[in-house]
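J.: I need the structure of the sequence given here:
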Amino acid sequence: MNKELMEALDILEKEKEISKETLFDAIENSLITACKNHFGKADNIKVEIDRNTCDFLCYAEKEVVEEVEDDCTQIALEDALKISKRSQLGDILHVEIKSREFGRIATQNAKNVILQKIREEERIVIYNQYYEKEKDVVTGIVQRKVGRNISINLGKADGMLNEGEQVKGEEFKPTERIKVYILEVKNTPKGPRILVSRTHPELVKRLFESEVTEIKDGTVEIKSIAREAGSRTKMAVWSNNTNVDAVGACVGINGVRVNAIVEELRGEKIDIINWDENPGNLIQNALSPAKIVAVFADPDEKTAKVVVPDYQLSLAIGKEGQNARLAAWLTGYKIDIKSETQAKDAPGFRYEDYMDEYDDYEEEYDEEVPAEEASNERAEPEIIKQEAKALSEAEEEFLEIENPSQADTEAVADRFSLQEGEEQSES
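T.: Predicted coordinates:
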């Protein structure tokens, strides 16, 4: 039993994840190559290796003839009888070849064949391993900068974080551990080429899948995601279980789940909203935290007109239009946001539809406001109306008097003051 060879094969199989069968094939091919270099041809060379003991036999198939014309393929009957007494003319005899008889060059070539096969198989194993992780998130260690790109050690292979896939403002130090999204794995003669990203929206999605158990088991689904890397992300989620709050599951107790992802993304803000099959409701959720008065969505054209209170216009649009832009990416709708004042002056504005939506909004708002506050808010406008009516009546009465004297003027003023006091006490 070739114990040393068996131990070497076990180590290679464990460390390089290369099967023994592949290594046995490499050894067989290397011996055939050595024979070819030693004899000049190897068409009739055969190699047999015992997979259990690693004992191998290398032999040449030669024809038994009376007169030898080719030493590589023929053997004289006299020599054949020394190997096997049953040899006859025309038989094919297996003549053993001693591998120790190979010259230095033949031995070196055999070694190179084995090493080359090991390297090829190692590249294939690594490629298959990371190809399975394509479109997934892995943890890597920052190695060094290659120009404006960054080399990331992913374990058995290195990934390249190109400049275009880096988040502006992020700085990494050597040996720092980061999570990256594998964009693509290419098989090249020099080994697998792995491209990774820190800006892809799927990075956020995969991080939530690994952090939130409900997403991993399918209870909560991530329906859509829109991201401006390094600044803000909007994500729409849906729960398949009515007893599970999709947004709450993603946020976690005291925000522990979402905070872990925010920390990994270096402080990037994440807005989590509820998905809704109704495009109007979905757009309203997507534009949060802005309050929406009305939404007119056209599912066929994928466009939507949104009306917001005047004081909410800037919040709905966001800084440099970010909130509206992310909402459009998230919903797939082209969103046109107008304030109430702008909407009323816009051509084709349907006031009846607007008022219906506005009434619904008012009812929803009233439910959120306590009854006492609501009554106080409405009491003040009513008092103003009564005061205005009283003042108008006093003015009309005063104007009907021809050449009013000072006494008439004081009488009307006193009457108005008295009426005003009574109305205020009643209110």
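
J.: what about residue 204, distance to residue 212?
T.: 12 Å (Cβ to Cβ, to the nearest Å). C-beta coordinates here come from the backbone N, C-alpha and C atoms, glycine included.

J.: what touches both of these two?
T.: Between them, residue 204 and residue 212 share no contacting residue under Cβ atoms under 8 Å, 6 or more residues apart in numbering.

J.: what's the neighbour count on residue 163?
T.: For residue 163, the neighbour count with other Cβ atoms under 10 Å is 9.

J.: got it, and residue 328?
T.: 20.

J.: for the residue nearest the centre of the chain, which non-adjacent residue is spatially closest?
T.: The chain has residue 202 as the residue nearest its centroid, 1.4 Å off, counting by Cα atoms, centre = their mean. Nearest in space to residue 202, with sequence neighbours left out and distances taken as Cβ to Cβ, 6 or more residues apart in numbering, is residue 181 at 5.8 Å.

J.: pull out the buried residues from the helix or strand harbouring that neighbour.
T.: Here residue 181, judged by DSSP states H and E, is contained in strand 177-188. Neighbour-count burial for strand 177-188 flags 178-183, 185 (criterion: 16 or more other Cβ atoms under 10 Å).

J.: could I get these in JSON lines, plus columns for distance to residue 109 and pLDDT?
T.: Listed next are these as JSON lines, based on distance: Cβ to Cβ, whole Å; pLDDT from 0 to 100:
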{"residue": "178", "distance to residue 109": "44", "pLDDT": "93"}
{"residue": "179", "distance to residue 109": "45", "pLDDT": "94"}
{"residue": "180", "distance to residue 109": "42", "pLDDT": "95"}
{"residue": "181", "distance to residue 109": "44", "pLDDT": "95"}
{"residue": "182", "distance to residue 109": "38", "pLDDT": "95"}
{"residue": "183", "distance to residue 109": "40", "pLDDT": "94"}
{"residue": "185", "distance to residue 109": "33", "pLDDT": "94"}
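
J.: and which of these is nearest residue 279?
T.: residue 181 (29.3 Å; Cβ to Cβ).

J.: relative to residue 15, how far out is that closest one?
T.: 28 Å.

J.: same check, this time on residue 345
T.: For residue 345, the distance to residue 15 - Cβ to Cβ - is 74 Å.

J.: how about residue 168?
T.: To residue 15, residue 168 is 40 Å away according to Cβ to Cβ.

J.: residue 319 now?
T.: As judged by Cβ to Cβ, residue 319 and residue 15 stand 53 Å apart.

J.: what of residue 7?
T.: Distance of residue 7 to residue 15, computed by Cβ to Cβ: 12 Å.

J.: by mean pLDDT, which helix or strand of the chain comes out lowest?
T.: helix 371-400 (a mean of 44; mean pLDDT, DSSP states H and E).

J.: quick check: closest non-adjacent residue to residue 324.
T.: residue 317 is the one closest to residue 324 (Cβ to Cβ, 6+ apart), at 5.0 Å.

J.: quick check, the residue nearest to the centre of the chain in a strand?
T.: No - assessed by DSSP: H, G, I helix; E, B strand; the rest coil, residue 202 does not belong to a strand; its assignment is helix.

J.: contacting residues for it?
T.: 135, 181, 225.

J.: just give me the closest of those residues to residue 54.
T.: Among the contacts of residue 202, residue 135 lies closest to residue 54 (Cβ to Cβ), at 41.4 Å.
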